[in-house]
Structure formats: structure tokens, C-alpha cells
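> Predicted model, plus sequence, below.
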Amino acid sequence: MPVNSTADPDASTETGGDAATLPINELFYSLQGEGTLAGMPSVFVRTSGCNLRCWFCDSYHTSWEPTHGAMTLDEIVADVESHEQAEHVVLTGGEPLVHEQSVELLERLDELGYHTTVETNGTIYRDAPIDLASISPKLASSTPTTERDPKGDGEWAERHEDRRIDIDALARLVDTYDSQLKFVVTGEADLPEIEGLLARVRDATSTTVADSDVLLMPEGVTREQLDDSRNAVADLATEYGYRYTPRLHVDLWNDAPGT
Ligand SMILES: C[S@@+](CC[C@H](N)C(=O)[O-])C[C@H]1O[C@@H](n2cnc3c(N)ncnc32)[C@H](O)[C@@H]1O
Ligand SMILES: Nc1nc2[nH]cc(C(=O)O)c2c(=O)[nH]1
Ligand code: SF4
Ligand SMILES: [Mg+2]
């Protein structure tokens, strides 16, 4: 369900008033397309607003040009519950953890017995009932340089670069929640950075981060783009001993909305 009205999703939102709300870009029922739960029927709750600007962002209308619709938590929960088969909810964005109200939504979903996955860029820690923290730290190859900026002239490059890795936030997420580290891979040149980052995370955590919790995901928003990228990423997973994750939803439905 696409949403349109007038809340401001650009900044993080504070709890206030009687009815808590979240800026919501869309809500839909599909199969989890990415990560260790790929194939799982899930309701997706996509918040609007992000603190980063990856040049390749497949959710452009939550980051570069965020939508401004809001829903109350009651409305979101009712929509989730209308999908009667679903036991899994994926909270994504945008960056869902910029919003303080995501915590209350996760608490309500947890009380109702849902398994919750949070798709996050790993730059923000929040204390919430999260069953799987699906962390996708952003590599240098995600930075919207002048040549790659989808909108302007590289205005976001410096801010993106400054914000994209926060080792303390990553370590806290990994230490607190069952987690997976899911890297968008644009080429072989990303691998040394992934290895260096993993070493820093392993150093900063008391939790064991197994190679089987590290996933390499091909960059691409269409089937045609993945046709060009997936085999090279699969080969890198084999070579380095990390896990490959497909983008099952793209393989199945290409870039159709609400999938
Ligand atoms: C739109 S993001 C929202 C959650 C959070 N902001 C994040 O980046 O993890 C959802 C997932 O899509 C991935 N993603 C975004 N654009 C992509 C692309 N062009 N190719 C492959 N994965 C992409 C992100 O890395 C993340 O794992
Ligand atoms: N089917 C499907 N699976 C997904 N897993 C993570 C997604 C996301 O955008 O966060 C996503 C998505 O957009 N669609
Ligand atoms: S962090 Fe996630 S939502 Fe934000 S720009 Fe990057 S891929 Fe898009
Ligand atoms: Mg997606």
C-alpha cells in the first residue's frame, strides 16, 4: 500500500502527542528476498527518511526524494494483521532506526508474536525487540560521488562518507541481537574493505561473527542488472568463504512495485 500525506520524514522523529506515527513509504506482503530468511512470507513496513544517500539506493523515494506520508502505529499494526498468513515482519526503509517510534512499533509487533527483522545500515543503535538485525554496512563504493550522484552534483558525498561506518553502533547491534552482515557488492575491489571492516567489528565485539553470518549480495535493481553482477559475486563468496544471498524478489518480480 503506497502512502501519501504530509508528515516530514527528512529528520528523525520524536515521540509526541497521543497517537505515535511513523513516516511510511509503503506496506506490502511478499517473500523476504534477501539474507538468511530469503523465501519467508513477510509483511514489509517501509519507513521514509534516511541518514545516508547510497548512489545505488533501490528505495529512492525513502532517501533521495523521501515521500511524506505518515501512519499511526495503530494503522500500521492493523495493516500488518490484515495479512493473516504472515508471521514475519520486516521493518525497513529508508533507515528505520532514525525514527524513535520504530521502537514502539517493534514492541507492539513483538507482543503480538511476530518475528521481526530490521533492515538497517548499521549506523544507529536502538534498544528494541528485534529478532534479526539485518545489517548492511555501506562500503566506499556506495558513496554518491559527483559522477554517481543520481540527483545532484555530489553534495551528499562528504556527509555520506562521514556517516556510513560507526563501529560502536555496529558492535552494539551485533552484541545485542541475532544478526547478519549483508554487504552490497559492486565488484572485487569491495572485498578488502569488507575484510578490514569485519576485523574491526570482530575486535570491538564479544560476540563471534561467523563467516556464515556474512553475506555478499550483488548490486542491482533489475533482473538485467543482476544478470551482469550475480555470478561474479557468487564466485567471490566461494573464494572468500562468505555466504551469497540472492535478491530473490528481483529474480522473481524484477522491479515491480510492492514486491
Ligand atoms: C533500501 S535498504 C533499507 C534499509 C537500510 N537503509 C539499509 O541500507 O540497510 C534495504 C536493503 O537493500 C539494499 N540495497 C539498496 N540498494 C541496492 C542495490 N542497488 N542493489 C543491491 N542491494 C541494494 C541495502 O543494502 C539493504 O540491504
Ligand atoms: N521482497 C523483498 N525483500 C526484501 N528484503 C529486504 C528488502 C528491503 O528493501 O529492505 C526487501 C524488499 O524490498 N523486497
Ligand atoms: S542506507 Fe539504505 S535506504 Fe539509505 S540510501 Fe543507502 S540503501 Fe538507501
Ligand atoms: Mg528492497
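Looks like it came in fine. Computed from a predicted model, the values in this text were never measured in an experiment. Numbering: from 1, shown residues only. Ligands and ions are numbered 1, 2, ... in the order given.
> same question for stretch 156-173, mean pLDDT?
Mean per-residue pLDDT for stretch 156-173: 98.
> That one and ligand 1 in contact?
No. Against ligand 1, stretch 156-173 shows no contacts by CB under 6 Å from any ligand atom, the least distance being 10.0 Å. The C-beta positions use only the backbone N, C-alpha and C, and glycine is treated the same way.
> residues making contact with that stretch?
With CB atoms under 8 Å, 6 or more residues apart in numbering as the contact definition, stretch 156-173 has outside contacts at 51-54, 120-125, 133, 135, 137-140, 142-146, 149, 179, 197, 200-201, 204-205.
> need the helices for the stretch 51-200 of the chain, in chain order.
Along the stretch 51-200 of the chain, counting by DSSP state H, counting those that start in this stretch, helices occupy 73-82, 101-111, 157-163, 167-176, 190-204.
> Could you export the ones you listed as CSV, including distance to Asp235 and mean neighbour count?
Shown next, in CSV, are those (distance: least, CB to CB, whole Å; neighbours: other CB atoms under 10 Å):
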stretch, distance to Asp235, mean neighbour count
helix 73-82, 38, 16
helix 101-111, 36, 19
helix 157-163, 28, 15
helix 167-176, 27, 19
helix 190-204, 11, 15
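> Could you point out which of these sits nearest ligand 2?
Closest to ligand 2 of these is helix 101-111 (CB to the nearest ligand atom; 13.5 Å).
> can you give me the angle the closest one makes with helix 73-82?
Calculated by axes from the mean of the first three to the mean of the last three CA atoms, to 10 degrees, helix 101-111 forms an angle of 40 degrees with helix 73-82.
> ok, which residues in the protein are in contact with ligand 2?
30-34, 44, 59, 90, 92, 119, 249, 259.
> Now for those residues: which two are most distant?
Leu31 and Ser59 (17.3 Å; CB to CB).
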